[in-house]
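Undergrad: Provided below are the primary sequence and the corresponding predicted coordinates.
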Amino acid sequence: MAKRAYPPPPGAAVPPGGDGIDGDKGTRRYIFTQADMEHFRRSSSRKELLGFATALGRSCSAGGGSTPKPGGSKGDNNYNGKGPTTCGGVGRYRYDPSSPLLGLSPAMASVHGSLRRMAETWMADVPPDEHARARFGNPAFRTWHSRLVDRSEAIVRCALDCHRSRVLEPRRRRKEEDEKKAHDEGEKEKASKDEDSEMRDASADKGGVTTAGETTGKGGEGVVENFPLDVLQSCSDAGYGAASDAPPSPLSTIAMSAEDAERESEIIDELRAYLHPAFGHPVRLDYGTGHESSFLIFLFSLAKLGCLGNSRDKPPLPSAMAPVALSVFSAYLAVTRGLQKDYMLEPAGSHGVWGLDDYHCLPFYFGACQLQDESREKDITPRSIHEAKTLEARGNDLMYLGCIRYVKELKPGAPFFESSPMLDDISHLPNWGRVARGLLRLYEGEVLDKMPVVQHFEFGTLFKGKFLPV
């Protein structure tokens, strides 16, 4: 029986901004009732998404991701999605805000460039409506979001184009060269064997013995690709341009077949469906952990396509995931925090003072993982969030401290233990490992297991709705 998305049952509430069935082309909503929610809780989609979030966090911890050398190769890491990640290499990845592209794949560098363009120019181009009187939600955000919808195709296409031109096409050329080399070596070996056979025959006639020369086999082990900074910079610049009103020309010079072009168009439509809600809702004028999760789904889908430096049949290695969790997510936060402040987006599903902050969850988890077992940060404990000098000095490169600093900037009047009691309680935990485990459980329980959040999720061929709603 073919799986399909059911419309909401009679009398069911349909969230504002949607018809309850279809999202963008190729995606559908599946979660409308509590029965649907139970199906989602048991689904492989939820398991894979939570596993992806977990792996992103663990890649940031000590031993989770190696620090790449520009133009070199990364360590031989291994991630199977079933447990803690480990990695070889010369040391863990360290996020450096002054060199944010280091360690990214070409596709992720393109996404980073597009996010940078959004943060630097979009809000300046679309200033808040000064005549709006609502406490939350400036209507100018609708214009901003319309720009996102208009330019998202170019943004997504550019990321895929960088992946194709900088990863897939070089791989194809190397494969062709290896096959040609193997063919030439095979022909040479065959000729050598024929010559040896003739020599043996001649030697036998003379009563002597000769032996054939040894051949050297070709090793079949590959290395994890690492990209020079000039390549990543060109992809970032392309992504920056794709987010403008005049997208750049494609980097790839290889023409696609009609079938491949149609498939790529479908993939682009699906990725756009995950990207559009990642920055807030244009009707409700709000933003929350569900929108943040849409960006996670966007990254998860790109990983499914091999765009995090992996192949399509293998998950990304920790050394490729750590730069995404810390660098790409930092660029994403620069955009969303600007939207929250400039357009006063209403917190969606906020627990008020009993939440982490009004909008986010994942950056706290990634940031806590970043601080685990870190010799350089051995003096930075969970209690260090109460030290203003530490927040100011390290808030740019340590994500958790940056999150705390942002919360304090939004709520400057009240004492921290009153305005953010949960974060204050967390500061009394003994180590960052306890903090990270608790935050991951919080994300699972308060985001992925809450129907008001996940009922808005779209599903397609990359983030699959394999369950049947009732």
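TA: It's in. Since this is a predicted model, take the numbers as computed values, not measurements. Numbering: from 1, shown residues only.
Undergrad: give the contact list for Tyr287.
TA: Residues in contact with Tyr287 (C-beta atoms under 8 Å, 6 or more residues apart in numbering) are Phe279, Gly280, His281, Thr336, Leu339, Gln340, Leu345, Glu346, Pro347, Ala348, Tyr359. C-beta here means a position set from N, CA and C on the backbone, and glycine is covered the same way.
Undergrad: Which ones among these lie within strands?
TA: Applying DSSP state E to these, the entries found in strands are Glu346, Pro347, Ala348.
Undergrad: Closest to Pro412 out of these?
TA: Relative to Pro412, the closest of the ones in strands among the contacts of Tyr287 is Pro347; by C-beta to C-beta it sits at 17.3 Å.
Undergrad: Among the ones in strands among the contacts of Tyr287, find the lowest-pLDDT one for me.
TA: pLDDT across the ones in strands among the contacts of Tyr287 is lowest for Ala348, at 87.
Undergrad: Spatially central residue for the chain, please.
TA: Centroid-nearest residue in the chain, with C-alpha atoms, centre = their mean: Leu299, separated by 3.2 Å.
Undergrad: unless I'm mixing things up, it is touching Val328, no?
TA: Yes. At 7.3 Å, Leu299 counts as touching Val328 under the criterion of C-beta atoms under 8 Å.
Undergrad: Quick one: the helices in the stretch 51-200 of the chain, in order.
TA: For the stretch 51-200 of the chain, the helices defined by DSSP state H, counting those that start in this stretch cover 106-117, 123-125, 140-163, 169-206.
Undergrad: Just the residues contacting the second one, thanks.
TA: Right, helix 123-125. So helix 123-125 is contacted by Trp144, Arg147, Gly338, Leu339, Asp342 (C-beta under 8 Å, 6+ apart).
Undergrad: ok, of those residues, which come out buried?
TA: Buried by 16 or more other C-beta atoms under 10 Å: Trp144, Gly338, Leu339, Asp342, out of those.
Undergrad: Now do the contacts for the first one.
TA: The one in question is Trp144. Contacts of Trp144 (C-beta under 8 Å, 6+ apart): Trp122, Met123, Val126, Leu339, Tyr343.
Undergrad: just for this structure, where's the confidence low?
TA: Residues of the chain meeting the criterion pLDDT under 70: 1-25, 62-91, 183-225, 247-254, 350-355, 373-377, 467-470.
Undergrad: all strands for it, in order.
TA: 28-29, 286-288, 346-348, 458-459.
Undergrad: Out of these, which gets nearest to His39?
TA: So among these, strand 458-459 is nearest, using C-beta to C-beta, at 11.7 Å.
Undergrad: Adjacent strands (with direction) for that closest one?
TA: Looking at strand 458-459 with DSSP bridges, its partner strands are strand 28-29 (antiparallel).
Undergrad: picking that back up, ok, of the contacts of Tyr287, which one's closest to Asp449?
TA: Asp449 lies nearest to Ala348 out of these, by C-beta to C-beta, at 16.4 Å.
Undergrad: Could you give the number of residues near the closest one?
TA: Residues within reach of Ala348, counting by other C-beta atoms under 10 Å, total 21.
Undergrad: Would you quantify the distance from Ala258 to Ser265?
TA: 11 Å (C-beta to C-beta, to the nearest Å).
Undergrad: higher neighbour count, the two?
TA: The neighbour comparison of Ala258 against Ser265 (other C-beta under 10 Å) goes to Ser265, with 14 against 7.
Undergrad: re the thing from before, quick one: which of the contacts of Trp144 is nearest Lys47?
TA: Nearest to Lys47 out of these is Leu339 (C-beta to C-beta; 30.6 Å).
Undergrad: Good, we can wrap up now.
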